[in-house]
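**Q** The following block contains a protein sequence and its predicted model.
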Amino acid sequence: MITDCHVDLPWAFTKQRPSVVTVEGMKAGGVDRAICALYLSDAMQDQLGDGISIEPIYQQFFALRQRPELLFALEGGRLIHNNLNQLRAYKLICGIKYLTLTHNYDTEWASSATDDGQFPLTPLGKEVVGECEKLHVTVDVSHCSDPTIDSVLDIATRPVIASHSGARCMLNHPRNLTDTHILRIFEGGGTVCVPFARRFVKDIDGVVRHICHIIHVTGSYESVGIGSDLDGAACVVQDMAGWKIITDKLSNAFRDEAVKAICGDNVARVLGIADCQE
């Protein structure tokens with residue numbers, strides 16, 4: 001079961017632009033399921049206001065929920081509006097598999113890799129992490145600053161995921177993870193999912209290089225998955241059909257057992273998913 005841990009189809013839907021995450025493309029790429037990030041940009045949230053910005057998230061979900069190959073996550077902790085009840089509602093209604101704590105800007109309780117705050121989780125942020133664990137919503141540290149990642153890993157009692165982040169040692173971008181964080185995520189039972197986004201991996205071969213580096217750091221192919229970021233960034237492949245290029249390259253580099261783990265089993269284990277209908 002090949003699983004793409006992060007696509008931005010819901011944002012394409014909201015922006016009314018064509019999506020590259022199509023049924024036909026998934027079939028051509030051999031992808032069985034994809035986890036869709038329910039998301040609104042900060043600019044749109046500013047425009048709509050906290051009370052109204054919840055509505056487009058539910059519109060995204062209800063428009064896409066009939067596709068059995070799609071599962072859902074929430075990208076950007078600002079969308080819970082500092083309210084644990086709203087987090088519970090997203091879990092109950094949308095069945096979110098993970099919460100990406102930040103996006104490009106800080107929240108009041110967690111800091112982003114690409115904003116100026118660079119602070120650890122606040123007490124509210126720690127409550128959010130604790131509530132995620134109670135709800136079996138995996139905590140996603142992609143987009144988080146180093147201090148926020150440190151504090152997540154200090155308190156997490158369940159596996160943590162990075163849904164679409166590369167290795168900073170391979171390409172020095174604040175959105176990529178340090179080797180220390182990669183190792184700590186793995187030691188906690190989690191997985192780092194390498195994206196297809198050019199800004200994080202550079203090119204197609206870079207996807208494989210980042211995967212190889214993560215395996216080298218952790219000593220295990222159970223430490224790494226793939227979260228393409230298709231529909232959300234300029235990627236090394238054009239659409240979901242391009243997944244086959246990546247899987248072919250991985251098949252040339254690793255034995256079948258490792259490829260199976262990297263392309264889906266590791267993500268399924270961390271997120272607790274068994275099949276496309278879950």
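**A** Perfect, thanks for sending it.

**Q** all strands of the stretch 101-250 of the chain, in order?
**A** 138-140, 161-162, 191-194, 224-226 (DSSP state E, counting those that start in this stretch).

**Q** From the contact counts, what lies against the longest one?
**A** The reference is to strand 191-194. strand 161-162, helix 179-187, helix 204-218, strand 224-226, helix 266-271 (3 or more Cβ pairs under 8 Å, 6 or more residues apart in numbering; DSSP states H and E). To be clear about C-beta, it is placed using only N, CA and C from the backbone, and glycine gets the same treatment.

**Q** got a list of contacts for the third one?
**A** Translated: helix 204-218. 166-167, 169-171, 179, 182-183, 186, 192, 194-196, 200-201, 221, 223-224, 226, 236-237, 245-246, 249-250, 253, 262 (Cβ atoms under 8 Å, 6 or more residues apart in numbering).

**Q** mind running it again at 7 Å?
**A** Helix 204-218 has contacts (Cβ atoms under 7 Å, 6 or more residues apart in numbering) with 166-167, 169-170, 179, 182-183, 186, 192, 194, 196, 201, 221, 223-224, 236, 245-246, 249-250, 253, 262.

**Q** Columns mean neighbour count and distance to residue 49 on top of the strands of the stretch 101-250 of the chain, output as TSV?
**A** Shown next, in TSV, are the strands of the stretch 101-250 of the chain (neighbours: other Cβ atoms under 10 Å; distance: least, Cβ to Cβ, whole Å):
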stretch	mean neighbour count	distance to residue 49
strand 138-140	27	25
strand 161-162	30	30
strand 191-194	31	32
strand 224-226	30	36
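
**Q** quick one: which of the ones you listed is nearest residue 67?
**A** strand 224-226 (19.6 Å; Cβ to Cβ).

**Q** Sheet partners, orientation included, of that closest one?
**A** strand 191-194 (parallel) (DSSP bridges).

**Q** Poorly predicted segments of the stretch 1-150 of the chain, please.
**A** Within the stretch 1-150 of the chain, the set of residues satisfying pLDDT under 70 is empty.

**Q** quick revisit: ok, of the contacts of helix 204-218, which come out buried?
**A** Applying 16 or more other Cβ atoms under 10 Å to those, the neighbour count classes 166-167, 169-170, 179, 182-183, 186, 192, 194, 196, 201, 221, 223-224, 236, 246, 249-250, 262 as buried.

**Q** element containing the residue nearest to residue 35 when sequence neighbours are not counted, please.
**A** Closest residue to residue 35 apart from its sequence neighbours, by Cβ to Cβ, 6 or more residues apart in numbering: residue 71 at 4.8 Å. Per DSSP states H and E, residue 71 falls inside strand 70-75.

**Q** ok, and what's touching that strand?
**A** 33-39, 61, 64, 90, 94-100, 103, 163, 273.

**Q** now stretch 131-139
**A** In contact with stretch 131-139 (Cβ under 7 Å, 6+ apart) are residues 84, 87-88, 91, 96-99, 101, 129, 152, 156-161, 270-272.

**Q** With just CA atoms, put that stretch into CSV.
**A** The C-alpha trace of stretch 131-139 is given here as CSV (Å, rounded to 0.1, in the frame of the first residue of the first chain):
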residue,chain,number,x,y,z
GLU,A,131,-4.8,16.5,23.6
CYS,A,132,-3.5,15.2,20.2
GLU,A,133,-2.1,12.2,22.0
LYS,A,134,-5.4,11.6,23.8
LEU,A,135,-7.3,11.8,20.5
HIS,A,136,-4.8,9.6,18.6
VAL,A,137,-4.0,12.5,16.3
THR,A,138,-0.3,12.3,15.4
VAL,A,139,1.7,15.4,16.1
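
**Q** about what we covered before: what pairs with the strand holding residue 71, parallel or antiparallel?
**A** Strand 70-75 pairs in its sheet with strand 33-38 (parallel), strand 98-100 (parallel), by DSSP bridges.
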